[in-house]
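1. need a 3D model of the sequence below.
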Amino acid sequence: MAKNINHHLYPDKDSGVWYFQKKVRGREKPYKLSLETRSKLEARRKRDEYLKQIDQQGFITTIDAIEAPETMVFGEVAVKWSEIVKTQIAETTFQNYQKVMNAHVLPAFGNHQIDAITSLDIEVFISKFTCGSKTKQNILTPFRLVMKFAKKHKIIQSNPFVDVDPIKKTKSAQKRPLSMEEINRFIHSVDEFWKQLFIVLFFSGIRIAEASALKWKHIDLANSVVKIRRNLVRLKGGAIVYKKPKTDSSIRDVKVPGFVVEALREQRKRTWEGNGDDFVFLNKKDRPIHRHTINRLVIKPTLESLGISTAISIKDTRASFITNALDQNERMSYVQKQVGHTTTRMIVDHYYRYVPAPDDGAKLENAWKSTSILPE
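-> Predicted structure coming up:
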């Protein structure tokens with residue numbers, strides 16, 4: 001009779017993750033452990049290691065020797081994790097983790113024994129949210145990292161997130177970028193104080209955090225170039241951080257048209273005080289600009305006065321730049337470089353669908369007619 005090479009192993013029918021199950025003499029309940037792998041070979045290797053420990057010791061030493069799980073609750077482990085991860089990631093990222101943990105994860109699991117949290121508990125937790133997939137992912141990210149941390153340091157036997165189904169991507173509410181005609185109306189109607197900022201944003205594609213961080217030493221008017229070297233980010237409590245962008249592709253020189261140069265010359269009259277470290281854009285109180293304030297006090301009332309129903313934020317000036325540039329047949333590689341994307345994938349996935357285009361294929365037909373003699 002052939003030997004069953006997968007003895008004591010079985011795969012979960014939904015996730016494909018392999019499990020180890022074995023009854024051991026003297027132990028009240030059989031072992032039933034996730035091997036945290038979808039590979040048969042890796043599952044067999046882990047199974048053989050467990051069987052070896054049972055044969056030699058009478059139990060699985062790497063699991064039964066751990067006493068910490070019986071005493072530690074999720075909140076205690078989360079604190080230990082946060083103390084370490086805080087030194088490894090950007091302060092803004094840590095604050096985002098802290099925000100969702102305090103608002104969602106800790107109220108649900110903070111006082112639970114961490115080793116008692118199951119994949120079912122997590123999926124029930126997820127099912128209660130009515131937000132989009134991106135927000136769900138943001139909530140689960142620090143939760144997932146804490147459980148991974150607990151598994152790494154043998155606080156739990158297995159990570160329940162291995163068996164949690166992936167979040168299905170949902171379509172976000174579409175925000176139609178403004179057309180050139182709408183941008184024209186917007187710039188002519190917006191408060192004169194903010195006009196130059198919006199000319200730069202709508203016709204350069206730079207992010208609001210990049211515009212907020214611009215200093216006059218980054219502006220090369222003679223060569224029509226805006227140098228993106230820093231971001232300006234506002235932290236919880238109002239503290240402002242002036243830092244390098246997250247990716248190398250975001251550090252770039254942005255070529256701007258002549259009318260944007262003229263807008264910058266006009267802005268120079270307001271904020272240039274003879275020092276290259278002077279900020280290009282400030283609010284009416286001579287402080288760094290805040291996107292939420294601009295959205296509420298500038299963009300929203302201006303759109304309402306024009307009767308434009310599209311609900312956009314200052315972040316969407318970038319989308320308007322991309323779609324209008326593509327609509328005017330600017331090369332995608334040029335647009336990619338201007339906005340600081342690593343590849344054109346983001347542009348294709350998120351912006352190209354908004355570019356108006358006829359469905360008649362006339363351009364290809366005209367190109368053929370202009371270079372070839374059609375057959376009789």
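2. CA atoms for contacts and neighbours, from now on please.
-> Will do.
3. tell me the secondary structure for residue 317?
-> The assignment at residue 317 comes out as helix when based on DSSP: H, G, I helix; E, B strand; the rest coil.
4. wait, what's in contact with it?
-> 177, 178, 198, 201, 202, 205 (CA atoms under 8 Å, 6 or more residues apart in numbering).
5. and the contacts of whatever helix or strand residue 140 lives in?
-> Using DSSP states H and E, residue 140 sits within helix 133-152. Residues lying outside helix 133-152 but in contact with it, judged by CA under 8 Å, 6+ apart, are 77-78, 81, 97, 100-101, 104-105, 126, 129, 156-161, 167-170.
6. what's the mean pLDDT across it?
-> Model confidence over helix 133-152 averages 92 on the pLDDT scale.
7. quick check: buried residues in it?
-> For helix 133-152, the buried set under the neighbour-count rule, 16 or more other CA atoms under 10 Å, comprises 133, 136-137, 139-140, 142-151.
8. which one of the residues you listed is nearest residue 20?
-> Using CA to CA, residue 151 is the member of the buried residues of helix 133-152 that lies nearest residue 20, at 17.0 Å.
9. and the closest one, how far from residue 59?
-> Here residue 151 is placed at a distance of 19 Å from residue 59 (CA to CA, to the nearest Å).
10. quick revisit: and the contacts of helix 133-152, which of them are buried?
-> Neighbour counting with 16+ other CA under 10 Å marks 77-78, 81, 97, 100-101, 104-105, 126, 156-161 as buried within the contacts of helix 133-152.
11. now, which of those residues lie within strands?
-> For these, membership in strands holds for none, with DSSP state E as the criterion.
12. now, which of these lie within helices?
-> Using DSSP state H, 77, 78, 81, 97, 100, 126 are the members of the buried ones among the contacts of helix 133-152 that sit in helices.
13. nearest to residue 211, of those?
-> Set against residue 211, the nearest of those by CA to CA is residue 97 (25.6 Å).
14. got the contact list for residue 114?
-> 69, 72, 73, 74, 77, 156.
15. take those and write them to JSON lines, including distance to residue 246.
-> What follows is the contacts of residue 114, written out as JSON lines (distance: CA to CA, whole Å):
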{"residue": "69", "distance to residue 246": "37"}
{"residue": "72", "distance to residue 246": "35"}
{"residue": "73", "distance to residue 246": "34"}
{"residue": "74", "distance to residue 246": "31"}
{"residue": "77", "distance to residue 246": "28"}
{"residue": "156", "distance to residue 246": "33"}
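16. minimum pLDDT in those, which residue is that?
-> pLDDT across these is lowest for residue 69, at 40.
17. taking the contacts of residue 317 together, which two end up most distant?
-> The span of the contacts of residue 317, defined through CA to CA, is set by 177 and 198 at 14.2 Å.
18. looking at the two, which has the bigger crowd around it?
-> residue 177 (23 against 19; other CA atoms under 10 Å).
19. got a pLDDT number for residue 237?
-> pLDDT, residue 237: 67.
20. shaky segments in the stretch 101-250 of the chain?
-> Using pLDDT under 70 as the threshold, the predicted model of the stretch 101-250 of the chain has low-confidence ranges 170-175, 236-238.
21. now the strands for it?
-> Taking DSSP state E, counting those that start in this stretch as the test, the strands found in the stretch 101-250 of the chain are 219-220, 225-228, 231-234, 240-243.
22. reformat the ones you listed as CSV; add distance to residue 312 and mean neighbour count.
-> Putting the strands of the stretch 101-250 of the chain into CSV (distance: least, CA to CA, whole Å; neighbours: other CA atoms under 10 Å) gives the following:
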stretch, distance to residue 312, mean neighbour count
strand 219-220, 27, 17
strand 225-228, 24, 22
strand 231-234, 20, 20
strand 240-243, 24, 14
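23. for those, which one sits closest to residue 85?
-> Evaluated with CA to CA, those place strand 240-243 nearest to residue 85, the distance being 19.1 Å.
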